[in-house]
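**Q** Give me coordinates for this.
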Amino acid sequence: MNIFKEPIHYDDPLLRIQVLSFNSMKICQDGWHFHPQIEIIAVRSGRMEIHTPAEVYHLQAGDVLILGSCQPHLDLRKQNEVVDYVALQFELEAFFDSNMLPYLYLFQESMLPLVELNTLFKDSELRQQFYSTVIELQQEHQQKQRGYELAINYLVKKCIFLLLRHDNMGLLGPSRSRSINDSNLKSVFDYVEAHLSDKISAQQACHLVNFSYTYFLKYFKQIMGISFTDYVIHRRIKYAERLLLTEDLSIAQIAEQVGLPNISHFYKLFKRHHQCSPKNFKDTMIARTHETTGLGPMITTE
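**A** Alright, predicted model coming up:
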């Protein structure tokens, strides 16, 4: 079968989610396709089929479906039957705050193909709550009232929470309380936060927890779901966001202050996280502030 990579377009580069609403009689949409983003489908009315190489999912009003990253799939519906449904496509990592990172590894598909989570929707309570959350998210995105970005961020997190809380089958791993606040890594987090403007050494972090270098890197990734290097970059970019919005500094000065003095490298890492440049990030956020406070359009100068 021929499979193509479906392009995903974000209306807002600072909100890395595509929200689509369909009301269609089309028999087949675009053939077999995939995309790196996770996809969630919620059917409002009508019937449709979602095919994966391993299974066929028959969906009707009130049903939901999760498709993992790069999962090949095909959506079909009967001829002349109107199907009304919502599709969310997003990068999961973009919605994980620092305090959520210990759960990220549960959703990394090296451990579990996310399509297997659909068996949880046999629980009618979970299915109804999950469906309502997806529909509410689509409405927030459509209406774009003040603060809708906060609502979408919250509702994506709620979807993650619902899956975790209702995973009575242990698909996401056995229930375990691995607190990062009272364990070995607390001193590492403190060290990183105190040295965001400086060189941060994995070797120094190893000494703080009295681990060997190799064991520390493996332990950190197992607990946090990302590597130590990626965690440090994540914290540096978050620091850069704060500086962009609260300090009157040049991009070069901010890059220096967050420990990424090579400005081209800083731009590359920032764009990897936000799909836009630091300047575009700042301009967009300031423009939003002017729009929501009634101050009128922002005037920018190069």
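
**Q** who are the neighbours in contact with Phe95?
**A** Neighbour list for Phe95: Asn153, Val156, Lys157, Ile160 [criterion: Cβ atoms under 8 Å, 6 or more residues apart in numbering]. Where you see a C-beta, it was placed from the backbone N, CA and C, and this is true even at glycine.

**Q** pLDDT score for it?
**A** What the model reports as pLDDT for Phe95 is 91.

**Q** cool, and the one 4 residues further on?
**A** According to the model's per-residue confidence, Asn99 sits at a pLDDT of 77.

**Q** likewise Ser175?
**A** Note for Ser175: predicted pLDDT of 50.

**Q** Report how many residues lie close to Arg194.
**A** Actually, residue 194 is Ala rather than Arg. Ala194 has 10 neighbours, counted by other Cβ atoms under 10 Å.

**Q** same deal with Phe281?
**A** Taking other Cβ under 10 Å as the neighbour definition, Phe281 ends up with a count of 21.

**Q** Make TSV from the contacts of Phe95 and add secondary structure, pLDDT and neighbour count to it.
**A** As requested, those are exported to TSV (DSSP: H, G, I helix; E, B strand; the rest coil; pLDDT from 0 to 100; neighbours: other Cβ atoms under 10 Å):
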residue	secondary structure	pLDDT	neighbour count
Asn153	helix	95	16
Val156	helix	97	24
Lys157	helix	96	15
Ile160	helix	96	17
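
**Q** So which of those is the closest to Val43?
**A** Distance to Val43, by Cβ to Cβ, is smallest for Val156 among the contacts of Phe95, at 19.2 Å.

**Q** Report the contact partners of that closest one.
**A** Each residue near Val156 by Cβ under 8 Å, 6+ apart is listed here: Ile17, Leu88, Phe90, Phe95, Leu137.

**Q** same thing with Leu20?
**A** Going by Cβ under 8 Å, 6+ apart, Leu20 touches Val86, Ala87, Leu88, Gln89.

**Q** For the closest residue to Glu55 other than its chain neighbours, what are phi and psi?
**A** What sits nearest to Glu55 in space, not counting adjacent residues and going by Cβ to Cβ, 6 or more residues apart in numbering, is Val115, at 7.6 Å. For Val115, the backbone dihedrals (degrees, to the nearest 10) come out as phi -60, psi -20.

**Q** Please look at Val115 and Ile66 and confirm they touch.
**A** Yes - in this structure Val115 lies within contact range of Ile66 using Cβ atoms under 8 Å: 6.6 Å.

**Q** Could you pull out the helices in the stretch 151-300 of the chain for me?
**A** Shown for the stretch 151-300 of the chain, the helices assigned by DSSP state H, counting those that start in this stretch span residues 186-194, 202-209, 213-224, 228-246, 251-257, 263-274, 278-293.

**Q** who wins for proximity to Ile50 among those?
**A** With Cβ to Cβ, the closest approach to Ile50 among the helices of the stretch 151-300 of the chain belongs to helix 263-274: 30.4 Å.

**Q** Alpha carbons only: can I get the closest one in CSV?
**A** Below are the C-alpha coordinates for helix 263-274, written out as CSV (Å, rounded to 0.1, in the frame of the first residue of the first chain):
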residue,chain,number,x,y,z
ILE,A,263,23.2,32.6,18.8
SER,A,264,22.6,30.4,15.8
HIS,A,265,22.4,27.4,18.1
PHE,A,266,20.0,29.3,20.4
TYR,A,267,17.8,30.1,17.5
LYS,A,268,17.8,26.4,16.4
LEU,A,269,16.9,25.1,19.8
PHE,A,270,14.2,27.8,20.4
LYS,A,271,12.6,27.1,17.0
ARG,A,272,12.7,23.3,17.7
HIS,A,273,10.5,24.0,20.8
HIS,A,274,8.2,26.7,19.5
